[in-house]
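> Task: produce atomic coordinates for the following.
(2 chains)
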There are 2 protein chains.
Amino acid sequence: MQKEYVVGVDLGGTKILTAVADLEGNILARVRKDTEAEKGKEAVIQKIKDTVYGVIKETDIDLSQVKGIGLGVPGPVNIKKGVIKHTPNLKLDNVNIIEELRELDTPIFLENDANAAALGEKWFGAGKAAENMIYMTVSTGIGGGVIINKEIFHGAGDAAGEIGHMTIIPDSDVQCGCGNYGCWEAIASGTALGRLGREAVEAGKDTLMSKLVNDPSEVNGAVVAKAAEKGDKVAREIMDKIADYLGIGMASLINIFNPDTIVIGGGVSQSWKLIEDKVNSTIKARAMNSLIEDVNIITAQLGSDVGVLGAVATALAELDLL
Amino acid sequence: MQKEYVVGVDLGGTKILTAVADLEGNILARVRKDTEAEKGKEAVIQKIKDTVYGVIKETDIDLSQVKGIGLGVPGPVNIKKGVIKHTPNLKLDNVNIIEELRELDTPIFLENDANAAALGEKWFGAGKAAENMIYMTVSTGIGGGVIINKEIFHGAGDAAGEIGHMTIIPDSDVQCGCGNYGCWEAIASGTALGRLGREAVEAGKDTLMSKLVNDPSEVNGAVVAKAAEKGDKVAREIMDKIADYLGIGMASLINIFNPDTIVIGGGVSQSWKLIEDKVNSTIKARAMNSLIEDVNIITAQLGSDVGVLGAVATALAELDLL
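Numbers count the residues shown, from 1 in each chain, chains lettered A, B, ... in the order given. Alright, predicted model coming up:
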């Protein structure tokens, strides 16, 4: 019998990363192309196909050996129908991507990108031992995927896991992209970190941050983290504030889900050491002790491969090969 | 073949309600006894047995026709081990109740009472059409049970669904019984409703509530609701505040779980008409539109039978008879 493989496609707003992997998730080859979303739907779909053909060509396998293709999409999807509902950064709204990719003659499995990343970390990364796991990615926003009994929990409309839109500070004056005020991602994401840093610099506070940039508008989350690492007091206070907000949301998730594992991904996870203590002390104050004992909080392991390995895991999961 | 039945036991802090039901959940007979928790563990366990023997006696069936006994417990449980971990209102801590009830010679299935109630409403009450459902009971506290793919979601340590301990107002000065400040149940339960009413009366506000009681200390949630029903402005404002807090938490749960159904039980559900509009307007402002479209918010149907029917459903679920 010929050996079997799957393909994972990490469709992003700026790049498409496609890989072919064996059934254990070992990547044989990968291809990366700029998405060039501005060229429109047809061009992006053609580019997805090109990356699939391209990555197969890089190996000595044949497309017929590919049992399925997992596709991680940056936006809500209808999994059963194979429809991409909406993509804030692409022009792929209401696209039946299974039909569009029919010429590949291989089963296509859709997943929201945060859910795919959760599956990736669960099967090939930090969460290998997890059964009930929350993956949270803290970068420009806060996204998440909830794994229950080793499977993604999809909810009624394939949209479960919008943990970034828990209301954390109801009377906050920070409006979220979703319209609500005080959402977790509005106040505790990397974007929020940058905003607080910028405000401190603009307010003329005595901080290293102002020396790390040419203009206050350049202060972002990474600048705040860098200044905090060097011991800057103002930056540290900001990191502590974000850490407290992260801890509040995580404590609620622990009380709601009683997970065995929380995996932290995204840019903020790279500064985890700077915020870990404060996050944990907030969780300790706010979550129930027995539930804290049940949970293991760890940082993600897959780095920039999380999306494509998540897409691989999506295909393997749907094919019942995990 | 002899017809088969199950028994449900609703073990409460003040009463034990036990019923025998057919496999469709129709109750044939029920027995109610005071728990008399102060008499201690052995007495309570004996009383559980007595209610089971007693309820069977009320019918013409034999204990051998009972395929299983579901037991709803007011506190955390270890389902696999059959252990009641802790009961705030009973003296049944770390009790292996399966062993204690062995003489009944019937499989015993434990469930936390809020989870049991969720199962009851799902199978025999308001949630019959639900697949992904959140049951929330708002009375002295806020409890909950989360149903995913028609089954209770238990989490890593059988403690998932502590939705009442989401932090809703992080800087609240109201401490919850769990130790945290600003928990949902500390600020939005019937207890919180009563507290706000009491504070208004004690502050000398011009309100009907002060006429409904002999002493301000007698103001409870029911008094506030009664005054609000009669159009009292102060009571209405308090109901609106509680409704807003309920809506904040429900919006977060909608964004996190994308449920198809939320069932509201407990005392506050009897005042649902008074708060429904405000709850819905808060949800509309804070949850994502597509997720609001997916969810049906309804009040519980089983009244005081919810616990015992939940225990019946627990047994039926564990026996794969649902």
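
> Check for me that A:Arg242 belongs to a helix.
I think there's a mix-up here, since residue A:242 is Ile and not Arg. Yes: when DSSP: H, G, I helix; E, B strand; the rest coil is applied, A:Ile242 is found to be in a helix.

> That one - how many residues pack around it?
When neighbours are defined as other CB atoms under 10 Å in any protein chain shown, A:Ile242 has 27 of them. C-betas here are computed from N, CA, C, even on glycine.

> same check, this time on A:Gly144
29.

> tell me the secondary structure for it?
A:Gly144 ends up strand, using three-state DSSP.

> Does it touch A:His165 like I think?
No: if you go by CB atoms under 8 Å, A:Gly144 and A:His165 don't touch, sitting 9.7 Å apart.

> Mind giving me the packing neighbours of the helix or strand containing A:Lys47?
Remark: A:Lys47 resides in helix A:41-57, with elements defined by DSSP states H and E. When contacts are defined as 3 or more CB pairs under 8 Å, 6 or more residues apart in numbering or on different chains; DSSP states H and E, helix A:41-57 sits against strand A:5-11, strand A:15-22, strand A:27-34, strand A:66-73.

> right, and these - which one's nearest A:Leu316?
strand A:5-11 (5.8 Å; CB to CB).

> what comes up buried for that closest one?
A:5-11 (16 or more other CB atoms under 10 Å in any protein chain shown).

> Can you tell me which of the residues you listed is closest to chain B?
Top of the list for closeness to chain B, among the buried residues of strand A:5-11 and by CB to the nearest CB, is A:Leu11 at 20.5 Å.

> Kindly present the helices and strands packed on helix A:41-57 as a markdown table, with separate columns for distance to A:Gly231 and mean pLDDT.
Formatted as a markdown table, the helices and strands packed on helix A:41-57 follow (distance: least, CB to CB, whole Å; pLDDT from 0 to 100):
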| stretch | distance to A:Gly231 | mean pLDDT |
| --- | --- | --- |
| strand A:5-11 | 37 | 98 |
| strand A:15-22 | 36 | 98 |
| strand A:27-34 | 38 | 97 |
| strand A:66-73 | 39 | 97 |
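
> Just send those back as CSV, with distance to B:Ile248 too.
Below are these laid out as CSV (distance: least, CB to CB, whole Å):
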stretch, distance to B:Ile248
strand A:5-11, 34
strand A:15-22, 38
strand A:27-34, 42
strand A:66-73, 30
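
> out of those, nearest to chain B?
Using CB to the nearest CB, the helices and strands packed on helix A:41-57 put strand A:66-73 closest to chain B, at 15.3 Å.

> Smallest gap between the stretch 101-250 of chain A and chain B, at which residue?
For the stretch 101-250 of chain A, CB to the nearest CB, closest residue to chain B: A:Gly155, 2.8 Å.

> doesn't B:Ile254 make contact with that residue?
No: applying CB under 8 Å as the test, A:Gly155 and B:Ile254 come out as separate, 9.4 Å apart.

> Which residues of the stretch 151-300 of chain A lie near chain B?
By CB under 8 Å from any CB of the partner chain, the residues of the stretch 151-300 of chain A that approach chain B are A:153-163, A:165-170, A:178-181, A:248, A:251-253, A:255-260, A:285-288, A:290-291, A:293-295.

> Among those, which lie within strands?
Under the assignment DSSP state E, these contribute nothing to strands.

> Near A:Asp60, how many other residues are there?
By other CB under 10 Å, the residues close to A:Asp60 number 8.

> what's the spacing between A:Ile254 and B:Glu103?
Distance, A:Ile254 to B:Glu103, by CB to CB, to the nearest Å: 39 Å.

> With neighbour numbers in mind, choose between those two.
A:Ile254 (27 against 8).

> how close does that one sit to A:Ile262?
8 Å.

> any residues in contact with both of those two?
Residues touching both A:Ile254 and A:Ile262 (CB atoms under 8 Å, 6 or more residues apart in numbering or on different chains) are A:Val295.

> where does the stretch 1-150 of chain A come near chain B, residue by residue?
Checking the stretch 1-150 of chain A against chain B by CB under 8 Å from any CB, the hits are A:76, A:131-132, A:146, A:148.

> Of the residues you listed - the most surrounded one?
A:Val146 (29 neighbours).

> Wait, that one touches A:Ile134, no?
Yes: with contacts counted by CB under 8 Å, A:Val146 reaches A:Ile134, the gap being 5.7 Å.

> what touches both of the two?
A:118, A:163, A:257.

> if we can go back for a sec, farthest pair within the buried residues of strand A:5-11?
Farthest pair in those, by CB to CB: A:Tyr5 and A:Leu11, 19.3 Å.

> Now do the domain split for chain A, please.
A:5-121+A:305-318, A:129-300 (automatic domain parsing).

> Just the mean pLDDT for the longest one, thanks.
Across domain A:129-300, pLDDT averages out at 97.
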